[in-house]
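here you go, sequence then predicted model.
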Amino acid sequence: MLTTVFDWCKRHIVLFTIASVIFVVMFGFINIQILHMTSEPEFCHLCHPAQGFGPLAEVDSWEHSAHGDAGVSCLDCHGRPGVLGYAKAKLGGLKDTYLQLTISKEEKLEILSNPSEDLVPSWHCLYCHSDEGNQTVRETTKGPMKLVNMRMLDDVVNPEFRERKGLADIMTDDFVGGTHFDHSLHIEDFDLTCRDCHFGVVHNPATATDRMNFCVACHADAGDDAPQINDCAVCHEVQVAMNEGTGIEGIEIPSMMYGDAADMTCTDCHTGVTKGIYRPSSESCTDCHEDEEYKEIFDEWAASTSARIDVLKDIRVELEAALLDADAAKRGTDDVWKTYEQAILNLKFVRNDGTHSVHNNEYTEAILDAVEADFKKAFIQLDSVW
(Lines give C-alpha, C1' and ligand atoms only; values in the text may rest on other atoms or scores of the structure.)
Protein backbone atom coordinates (compact mmCIF):
# COMPACT_ATOMS: atom_id res chain seq x y z
CA MET A 1 0.00 0.00 0.00
CA LEU A 2 2.73 2.46 0.97
CA THR A 3 4.71 1.52 -2.15
CA THR A 4 1.72 2.39 -4.31
CA VAL A 5 1.34 5.77 -2.58
CA PHE A 6 5.04 6.59 -3.00
CA ASP A 7 4.93 5.62 -6.66
CA TRP A 8 1.92 7.87 -7.23
CA CYS A 9 3.68 10.78 -5.50
CA LYS A 10 6.78 10.32 -7.68
CA ARG A 11 4.70 10.30 -10.85
CA HIS A 12 2.74 13.41 -9.77
CA ILE A 13 5.50 15.33 -7.99
CA VAL A 14 4.12 18.79 -8.85
CA LEU A 15 0.60 17.93 -7.75
CA PHE A 16 1.95 16.30 -4.59
CA THR A 17 4.06 19.38 -3.78
CA ILE A 18 1.10 21.73 -4.25
CA ALA A 19 -1.15 19.54 -2.11
CA SER A 20 1.52 19.35 0.60
CA VAL A 21 1.93 23.13 0.70
CA ILE A 22 -1.86 23.62 0.89
CA PHE A 23 -2.05 21.06 3.72
CA VAL A 24 0.74 22.73 5.71
CA VAL A 25 -0.81 26.18 5.26
CA MET A 26 -4.29 24.98 6.22
CA PHE A 27 -2.93 23.00 9.19
CA GLY A 28 -1.02 26.04 10.42
CA PHE A 29 -3.99 28.36 9.91
CA ILE A 30 -6.35 26.05 11.81
CA ASN A 31 -3.93 25.72 14.71
CA ILE A 32 -3.40 29.47 14.91
CA GLN A 33 -7.16 29.98 15.02
CA ILE A 34 -7.42 27.39 17.81
CA LEU A 35 -4.69 29.25 19.74
CA HIS A 36 -6.60 32.51 19.22
CA MET A 37 -9.87 31.00 20.38
CA THR A 38 -8.36 29.42 23.51
CA SER A 39 -6.58 32.67 24.40
CA GLU A 40 -9.70 34.83 24.49
CA PRO A 41 -11.40 35.81 27.78
CA GLU A 42 -14.55 34.07 26.54
CA PHE A 43 -12.67 30.76 26.67
CA CYS A 44 -11.23 31.55 30.12
CA HIS A 45 -14.78 32.30 31.26
CA LEU A 46 -15.67 28.61 30.87
CA CYS A 47 -13.59 27.83 33.97
CA HIS A 48 -13.97 31.22 35.69
CA PRO A 49 -17.72 31.83 35.35
CA ALA A 50 -18.60 33.71 38.55
CA GLN A 51 -19.71 37.35 38.74
CA GLY A 52 -18.18 40.09 40.89
CA PHE A 53 -14.67 39.85 42.32
CA GLY A 54 -12.40 37.17 43.71
CA PRO A 55 -11.91 33.45 42.98
CA LEU A 56 -13.82 32.13 39.93
CA ALA A 57 -14.85 35.69 38.97
CA GLU A 58 -11.57 36.59 37.30
CA VAL A 59 -13.06 37.22 33.85
CA ASP A 60 -15.99 39.30 35.07
CA SER A 61 -13.77 41.41 37.35
CA TRP A 62 -11.33 41.91 34.47
CA GLU A 63 -14.17 43.20 32.28
CA HIS A 64 -14.90 45.92 34.86
CA SER A 65 -11.26 46.93 35.40
CA ALA A 66 -9.06 49.61 33.85
CA HIS A 67 -7.07 46.83 32.16
CA GLY A 68 -10.26 45.54 30.57
CA ASP A 69 -11.16 49.04 29.40
CA ALA A 70 -7.73 49.39 27.79
CA GLY A 71 -8.01 46.10 25.91
CA VAL A 72 -5.37 44.35 28.03
CA SER A 73 -6.45 40.71 27.92
CA CYS A 74 -5.71 37.60 30.01
CA LEU A 75 -2.52 36.46 28.27
CA ASP A 76 -1.13 39.99 28.22
CA CYS A 77 -0.58 39.69 31.96
CA HIS A 78 -0.57 35.92 32.51
CA GLY A 79 1.96 35.14 29.78
CA ARG A 80 5.48 36.49 29.40
CA PRO A 81 6.42 38.60 26.35
CA GLY A 82 7.63 36.93 23.18
CA VAL A 83 6.82 33.75 21.28
CA LEU A 84 8.44 31.50 23.90
CA GLY A 85 6.53 33.27 26.66
CA TYR A 86 3.28 32.77 24.78
CA ALA A 87 4.03 29.09 24.17
CA LYS A 88 4.90 28.55 27.84
CA ALA A 89 1.63 30.21 28.87
CA LYS A 90 -0.35 27.95 26.54
CA LEU A 91 1.37 24.86 27.95
CA GLY A 92 0.52 26.11 31.43
CA GLY A 93 -3.06 26.41 30.25
CA LEU A 94 -3.07 22.69 29.44
CA LYS A 95 -2.10 22.00 33.06
CA ASP A 96 -4.89 24.31 34.27
CA THR A 97 -7.38 22.47 32.06
CA TYR A 98 -6.25 19.14 33.52
CA LEU A 99 -6.68 20.46 37.06
CA GLN A 100 -10.11 21.82 36.16
CA LEU A 101 -11.19 18.29 35.30
CA THR A 102 -9.50 16.45 38.16
CA ILE A 103 -9.63 18.54 41.36
CA SER A 104 -12.54 19.54 43.57
CA LYS A 105 -14.09 23.00 43.63
CA GLU A 106 -12.68 23.53 47.14
CA GLU A 107 -9.16 22.75 45.93
CA LYS A 108 -9.62 25.10 42.98
CA LEU A 109 -10.80 27.93 45.25
CA GLU A 110 -7.78 27.38 47.49
CA ILE A 111 -5.40 27.71 44.53
CA LEU A 112 -7.13 30.81 43.15
CA SER A 113 -7.26 32.45 46.60
CA ASN A 114 -3.51 32.03 47.11
CA PRO A 115 -1.77 32.85 43.82
CA SER A 116 2.01 32.48 43.62
CA GLU A 117 4.10 35.61 44.06
CA ASP A 118 5.48 35.36 40.53
CA LEU A 119 2.09 34.96 38.87
CA VAL A 120 2.53 38.51 37.51
CA PRO A 121 6.02 39.66 38.56
CA SER A 122 6.91 43.33 38.97
CA TRP A 123 9.17 43.37 35.91
CA HIS A 124 6.16 42.34 33.83
CA CYS A 125 4.20 45.35 35.09
CA LEU A 126 7.16 47.64 34.32
CA TYR A 127 7.27 46.26 30.77
CA CYS A 128 4.11 48.25 29.98
CA HIS A 129 4.31 50.98 32.59
CA SER A 130 7.90 52.21 32.20
CA ASP A 131 10.16 52.93 29.25
CA GLU A 132 13.31 51.49 30.81
CA GLY A 133 11.49 48.36 31.94
CA ASN A 134 10.10 47.84 28.45
CA GLN A 135 13.51 48.24 26.84
CA THR A 136 15.17 45.85 29.30
CA VAL A 137 12.60 43.11 28.73
CA ARG A 138 12.70 43.46 24.95
CA GLU A 139 16.49 43.27 24.95
CA THR A 140 16.65 40.21 27.23
CA THR A 141 13.71 38.19 25.89
CA LYS A 142 14.91 35.01 24.21
CA GLY A 143 13.58 34.22 20.75
CA PRO A 144 11.40 36.43 18.55
CA MET A 145 8.84 38.76 20.11
CA LYS A 146 6.23 37.93 17.50
CA LEU A 147 5.55 35.63 14.53
CA VAL A 148 1.86 36.36 13.98
CA ASN A 149 -0.56 38.68 15.76
CA MET A 150 -1.60 36.76 18.89
CA ARG A 151 -2.01 39.41 21.63
CA MET A 152 -1.36 43.06 22.49
CA LEU A 153 1.65 42.34 24.73
CA ASP A 154 4.14 41.45 22.00
CA ASP A 155 3.56 44.77 20.20
CA VAL A 156 4.19 46.93 23.28
CA VAL A 157 7.06 49.32 22.55
CA ASN A 158 7.43 52.30 24.85
CA PRO A 159 7.16 55.25 24.96
CA GLU A 160 4.74 55.08 22.00
CA PHE A 161 2.44 52.44 23.53
CA ARG A 162 2.42 54.10 26.94
CA GLU A 163 1.71 57.56 25.58
CA ARG A 164 -1.08 56.34 23.31
CA LYS A 165 -2.74 54.76 26.33
CA GLY A 166 -2.38 58.01 28.27
CA LEU A 167 -0.09 56.34 30.82
CA ALA A 168 2.71 57.87 32.85
CA ASP A 169 6.17 56.34 33.09
CA ILE A 170 5.86 55.23 36.70
CA MET A 171 9.63 55.09 37.24
CA THR A 172 10.30 58.67 36.11
CA ASP A 173 6.99 60.48 36.70
CA ASP A 174 5.89 61.15 40.26
CA PHE A 175 2.31 62.02 39.34
CA VAL A 176 0.47 58.77 38.62
CA GLY A 177 -3.21 57.89 38.79
CA GLY A 178 -4.29 61.19 40.27
CA THR A 179 -1.83 61.27 43.17
CA HIS A 180 1.71 62.38 43.80
CA PHE A 181 3.55 59.11 44.23
CA ASP A 182 7.21 58.28 43.63
CA HIS A 183 7.26 54.65 42.46
CA SER A 184 11.02 54.70 42.00
CA LEU A 185 11.54 55.69 45.64
CA HIS A 186 9.21 53.00 46.97
CA ILE A 187 10.58 50.25 44.73
CA GLU A 188 14.30 51.00 44.89
CA ASP A 189 14.69 52.44 48.40
CA PHE A 190 12.04 50.47 50.28
CA ASP A 191 12.15 47.22 48.25
CA LEU A 192 8.39 47.24 47.67
CA THR A 193 6.98 45.22 44.76
CA CYS A 194 3.97 46.10 42.63
CA ARG A 195 1.80 43.51 44.38
CA ASP A 196 2.58 44.98 47.83
CA CYS A 197 0.38 47.96 47.02
CA HIS A 198 -1.60 46.70 44.02
CA PHE A 199 -2.41 43.14 45.09
CA GLY A 200 -5.52 42.03 43.25
CA VAL A 201 -5.54 45.23 41.18
CA VAL A 202 -7.78 43.56 38.57
CA HIS A 203 -9.46 40.50 40.07
CA ASN A 204 -9.96 41.46 43.71
CA PRO A 205 -9.26 45.18 43.99
CA ALA A 206 -9.14 46.82 47.38
CA THR A 207 -11.58 49.63 48.08
CA ALA A 208 -10.32 53.20 48.11
CA THR A 209 -10.51 53.07 51.91
CA ASP A 210 -8.40 49.90 52.04
CA ARG A 211 -5.76 51.46 49.81
CA MET A 212 -5.73 54.66 51.85
CA ASN A 213 -5.37 52.72 55.10
CA PHE A 214 -2.40 50.87 53.63
CA CYS A 215 -0.71 54.18 52.79
CA VAL A 216 -1.56 55.70 56.15
CA ALA A 217 -0.19 52.71 58.09
CA CYS A 218 3.12 52.74 56.20
CA HIS A 219 3.52 56.49 56.45
CA ALA A 220 2.75 56.50 60.16
CA ASP A 221 5.61 54.05 60.72
CA ALA A 222 7.91 56.11 58.51
CA GLY A 223 7.53 59.17 60.73
CA ASP A 224 7.45 62.82 59.71
CA ASP A 225 9.66 62.21 56.66
CA ALA A 226 6.60 60.80 54.88
CA PRO A 227 3.36 62.80 54.33
CA GLN A 228 0.89 62.16 57.12
CA ILE A 229 -2.89 61.93 57.19
CA ASN A 230 -3.39 65.70 57.51
CA ASP A 231 -1.17 66.48 54.51
CA CYS A 232 -3.97 65.94 51.98
CA ALA A 233 -2.70 68.24 49.24
CA VAL A 234 0.78 66.67 49.15
CA CYS A 235 -0.51 63.46 47.54
CA HIS A 236 -3.95 64.33 46.15
CA GLU A 237 -2.87 66.73 43.41
CA VAL A 238 -5.70 65.97 40.98
CA GLN A 239 -8.32 66.52 43.66
CA VAL A 240 -6.79 69.90 44.55
CA ALA A 241 -6.55 70.88 40.89
CA MET A 242 -10.15 69.81 40.29
CA ASN A 243 -11.34 72.02 43.13
CA GLU A 244 -9.20 74.91 41.94
CA GLY A 245 -10.42 74.36 38.37
CA THR A 246 -6.88 74.57 36.99
CA GLY A 247 -5.99 71.02 35.95
CA ILE A 248 -6.75 71.24 32.21
CA GLU A 249 -5.10 73.67 29.82
CA GLY A 250 -7.56 76.14 28.33
CA ILE A 251 -10.34 75.46 30.85
CA GLU A 252 -10.46 77.22 34.21
CA ILE A 253 -13.54 77.08 36.45
CA PRO A 254 -12.86 77.17 40.20
CA SER A 255 -15.24 75.39 42.54
CA MET A 256 -17.51 77.51 44.72
CA MET A 257 -16.92 75.13 47.61
CA TYR A 258 -13.15 75.48 47.76
CA GLY A 259 -10.56 78.10 48.54
CA ASP A 260 -10.31 81.19 50.67
CA ALA A 261 -13.63 82.62 49.52
CA ALA A 262 -15.54 79.56 50.68
CA ASP A 263 -13.37 79.22 53.78
CA MET A 264 -13.50 75.43 53.50
CA THR A 265 -10.89 72.71 53.86
CA CYS A 266 -10.84 69.06 52.84
CA THR A 267 -12.05 67.80 56.22
CA ASP A 268 -15.16 70.00 56.11
CA CYS A 269 -16.59 67.44 53.69
CA HIS A 270 -14.35 64.47 54.50
CA THR A 271 -15.51 64.48 58.09
CA GLY A 272 -14.74 60.84 58.86
CA VAL A 273 -11.01 60.97 58.17
CA THR A 274 -9.93 60.46 61.77
CA LYS A 275 -12.15 57.37 61.92
CA GLY A 276 -10.66 55.86 58.76
CA ILE A 277 -13.62 56.88 56.57
CA TYR A 278 -12.07 58.95 53.80
CA ARG A 279 -14.83 59.33 51.24
CA PRO A 280 -17.84 61.50 52.03
CA SER A 281 -21.39 60.66 50.98
CA SER A 282 -24.45 62.71 50.20
CA GLU A 283 -25.08 62.79 53.94
CA SER A 284 -22.05 65.08 54.28
CA CYS A 285 -23.89 67.82 52.39
CA THR A 286 -26.44 68.29 55.16
CA ASP A 287 -23.68 69.03 57.66
CA CYS A 288 -23.65 72.52 56.13
CA HIS A 289 -26.81 72.66 54.00
CA GLU A 290 -30.10 72.29 55.84
CA ASP A 291 -31.99 71.64 52.61
CA GLU A 292 -32.31 67.87 52.04
CA GLU A 293 -32.30 68.50 48.28
CA TYR A 294 -28.51 68.79 48.43
CA LYS A 295 -28.34 65.03 48.98
CA GLU A 296 -30.19 64.55 45.71
CA ILE A 297 -27.85 66.98 43.95
CA PHE A 298 -24.81 65.01 45.18
CA ASP A 299 -26.25 61.71 43.92
CA GLU A 300 -27.45 63.25 40.64
CA TRP A 301 -24.01 64.70 39.87
CA ALA A 302 -22.26 61.42 40.62
CA ALA A 303 -24.73 59.28 38.64
CA SER A 304 -24.89 61.49 35.55
CA THR A 305 -21.11 61.94 35.38
CA SER A 306 -20.51 58.21 35.84
CA ALA A 307 -22.95 57.44 33.01
CA ARG A 308 -21.32 59.98 30.73
CA ILE A 309 -17.84 58.58 31.43
CA ASP A 310 -19.09 55.11 30.51
CA VAL A 311 -20.33 56.42 27.16
CA LEU A 312 -17.02 58.17 26.46
CA LYS A 313 -15.09 55.02 27.40
CA ASP A 314 -17.03 53.09 24.74
CA ILE A 315 -16.27 55.80 22.16
CA ARG A 316 -12.58 55.66 23.15
CA VAL A 317 -12.46 51.91 22.51
CA GLU A 318 -14.10 52.35 19.10
CA LEU A 319 -11.76 55.21 18.15
CA GLU A 320 -8.60 53.39 19.23
CA ALA A 321 -9.61 50.32 17.22
CA ALA A 322 -10.20 52.52 14.16
CA LEU A 323 -6.80 54.16 14.63
CA LEU A 324 -5.02 50.82 14.89
CA ASP A 325 -6.77 49.62 11.72
CA ALA A 326 -5.71 52.84 9.98
CA ASP A 327 -2.11 52.34 11.10
CA ALA A 328 -2.17 48.79 9.75
CA ALA A 329 -3.32 50.24 6.41
CA LYS A 330 -0.39 52.73 6.48
CA ARG A 331 -2.63 55.78 6.66
CA GLY A 332 -1.21 59.05 8.03
CA THR A 333 -2.59 59.12 11.57
CA ASP A 334 -0.02 61.18 13.53
CA ASP A 335 -2.32 64.21 13.99
CA VAL A 336 -5.28 61.98 14.81
CA TRP A 337 -3.29 60.21 17.55
CA LYS A 338 -2.39 63.60 19.04
CA THR A 339 -6.07 64.57 19.24
CA TYR A 340 -6.92 61.17 20.72
CA GLU A 341 -4.12 61.33 23.29
CA GLN A 342 -5.23 64.78 24.45
CA ALA A 343 -8.78 63.52 24.88
CA ILE A 344 -7.83 60.49 26.97
CA LEU A 345 -5.52 62.58 29.17
CA ASN A 346 -8.45 64.88 29.93
CA LEU A 347 -10.76 61.92 30.50
CA LYS A 348 -8.23 60.35 32.86
CA PHE A 349 -8.04 63.62 34.79
CA VAL A 350 -11.77 63.37 35.54
CA ARG A 351 -11.53 59.68 36.40
CA ASN A 352 -8.46 60.21 38.59
CA ASP A 353 -10.34 62.80 40.62
CA GLY A 354 -12.49 59.89 41.75
CA THR A 355 -15.57 61.86 42.82
CA HIS A 356 -17.59 61.78 39.58
CA SER A 357 -17.74 65.59 39.52
CA VAL A 358 -18.72 66.24 43.15
CA HIS A 359 -15.54 68.26 43.75
CA ASN A 360 -16.36 70.60 40.86
CA ASN A 361 -19.36 69.68 38.73
CA GLU A 362 -19.24 72.64 36.35
CA TYR A 363 -15.54 72.10 35.63
CA THR A 364 -16.02 68.37 35.13
CA GLU A 365 -18.83 68.94 32.64
CA ALA A 366 -16.63 71.38 30.68
CA ILE A 367 -13.77 68.86 30.56
CA LEU A 368 -16.03 66.03 29.39
CA ASP A 369 -17.45 68.36 26.73
CA ALA A 370 -13.88 68.90 25.52
CA VAL A 371 -13.23 65.15 25.51
CA GLU A 372 -16.36 64.49 23.47
CA ALA A 373 -15.41 67.26 21.02
CA ASP A 374 -11.90 65.84 20.61
CA PHE A 375 -13.24 62.34 19.95
CA LYS A 376 -15.55 63.73 17.26
CA LYS A 377 -12.66 65.74 15.80
CA ALA A 378 -10.48 62.62 15.71
CA PHE A 379 -13.11 60.65 13.77
CA ILE A 380 -13.38 63.51 11.26
CA GLN A 381 -9.58 63.66 10.93
CA LEU A 382 -9.44 59.91 10.44
CA ASP A 383 -11.97 60.06 7.61
CA SER A 384 -9.83 62.64 5.81
CA VAL A 385 -6.46 60.83 5.87
CA TRP A 386 -5.52 58.12 3.39
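Perfect, I can see it now.

run through the residues that contact residue 235.
179-181, 215, 227 (C-beta atoms under 8 Å, 6 or more residues apart in numbering). All C-beta atoms are positioned from the backbone trio N, CA, C, and that covers glycine.

of those residues, select the buried ones using a PyMOL command.
A single PyMOL command selects the buried members of the contacts of residue 235 (16 or more other C-beta atoms under 10 Å):
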select buried, resi 179+181+215+227
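
which residue ranges of the chain form strands?
With DSSP state E, the ranges of strands along the chain come out as 175-176, 179-180.

so what strands line up beside the first one?
Translated: strand 175-176. Here strand 175-176 is paired, per DSSP bridges, with strand 179-180 (antiparallel).

neighbours around the closest residue to residue 268 other than its chain neighbours, how many?
Excluding the flanking residues, the one nearest residue 268 by C-beta to C-beta, 6 or more residues apart in numbering is residue 288, at 7.4 Å. Using other C-beta atoms under 10 Å, the number of residues around residue 288 comes to 11.

these two touch, right, residue 288 and residue 271?
No - using C-beta atoms under 8 Å, residue 288 is not in contact with residue 271; the gap is 10.4 Å.

in CSV: the strands of the chain, plus distance to residue 384 and mean pLDDT.
Shown next, in CSV, are those (distance: least, C-beta to C-beta, whole Å; pLDDT from 0 to 100):
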stretch, distance to residue 384, mean pLDDT
strand 175-176, 35, 86
strand 179-180, 39, 86
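
would you turn those into CSV with distance to residue 380?
Formatted as CSV, these follow (distance: least, C-beta to C-beta, whole Å):
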stretch, distance to residue 380
strand 175-176, 32
strand 179-180, 35
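
quick one: closest of the ones you listed to residue 374.
Set against residue 374 and scored by C-beta to C-beta, the strands of the chain come closest in strand 175-176, at 21.5 Å.

which residues does stretch 242-260 contact?
Taking C-beta under 8 Å, 6+ apart as the rule, stretch 242-260 contacts 238, 241, 262, 264, 269, 346, 349, 353, 355, 359-360, 362-364, 366-367, 370.

switch the cut-off to 6 Å
By C-beta atoms under 6 Å, 6 or more residues apart in numbering, the surrounding residues in contact with stretch 242-260 are 241, 264, 346, 349, 353, 359-360, 362-363, 366-367.

one more: stretch 354-366?
For stretch 354-366, the surrounding residues in contact (C-beta under 6 Å, 6+ apart) are 242-243, 245, 251, 253, 255, 301-302, 305-306, 350, 353.

inside helices: which ones of those residues?
The helices, defined by DSSP state H, take in 242-243, 301-302, 305-306, 350, 353 from the contacts of stretch 354-366.

out of these, which end up buried?
For the ones in helices among the contacts of stretch 354-366, buried by 16+ other C-beta under 10 Å: 242-243, 301-302, 305, 350, 353.

could these be laid out in TSV, adding pLDDT and distance to residue 321?
Formatted as TSV, those follow (pLDDT from 0 to 100; distance: C-beta to C-beta, whole Å):
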residue	pLDDT	distance to residue 321
242	92	30
243	90	35
301	90	31
302	89	29
305	94	25
350	93	22
353	90	27
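
of the contacts of residue 235, closest to residue 64?
Nearest to residue 64 out of those is residue 179 (C-beta to C-beta; 21.7 Å).

how much space between the closest one and residue 242?
Counting by C-beta to C-beta, to the nearest Å, the gap from residue 179 to residue 242 is 13 Å.

before we move on, what about residue 379?
Counting by C-beta to C-beta, the gap from residue 379 to residue 242 is 28 Å.

repeat that for residue 99.
47 Å.

all helices of the stretch 101-250 of the chain, in order?
Ranges of helices in the stretch 101-250 of the chain, per DSSP state H, counting those that start in this stretch, are 105-113, 122-129, 131-140, 160-164, 183-184, 194-198, 208-222, 232-235, 237-244.

so which of those helices comes closest to residue 21?
Closest among those, once you apply C-beta to C-beta, is helix 131-140, at 33.6 Å.

return the set of buried residues in the closest one.
Using 16+ other C-beta under 10 Å as the test for burial, helix 131-140 gives 131, 133-134, 137-138.

kindly report the same for stretch 150-162.
Of the residues in stretch 150-162, 150-154, 156, 158, 161-162 count as buried by neighbour count, 16+ other C-beta under 10 Å.

so who does the most centrally placed residue in the chain touch?
Per C-alpha atoms, centre = their mean, the C-alpha nearest to the average position across the chain is that of residue 67, at 2.8 Å. Neighbouring residues of residue 67 by C-beta under 6 Å, 6+ apart: residue 202.

so for it, what's the pLDDT?
Here the pLDDT value assigned to residue 67 is 90.

equivalent analysis for the one 4 residues further on, please.
Residue-level confidence at residue 71 comes out at 87, pLDDT.

and the gap between the closest residue to it other than its chain neighbours and residue 344?
Nearest non-adjacent residue to residue 71, counting by C-beta to C-beta, 6+ apart: residue 152, 6.3 Å away. Applying C-beta to C-beta, the value for residue 152 to residue 344 is 16 Å.

for residue 294, give me its contacts.
Taking C-beta under 6 Å, 6+ apart, we find residue 294 in contact with residue 285.

ok, it to residue 282 distance?
For residue 294, the distance to residue 282 (C-beta to C-beta) stands at 8 Å.

identify each buried residue in stretch 331-349, please.
By neighbour count with 16+ other C-beta under 10 Å, stretch 331-349 contains the buried residues 333, 336-337, 339-349.

go through the contacts of residue 235 and name the one nearest residue 142.
Nearest member of the contacts of residue 235 to residue 142, counting by C-beta to C-beta, is residue 181, at 33.4 Å.

distance check, that closest one against residue 171.
Going from residue 181 to residue 171 by C-beta to C-beta gives 12 Å.

try residue 81
Distance of residue 81 to residue 171, computed by C-beta to C-beta: 18 Å.

neighbour count winner among these two?
The neighbour comparison of residue 81 against residue 171 (other C-beta under 10 Å) goes to residue 81, with 23 against 17.
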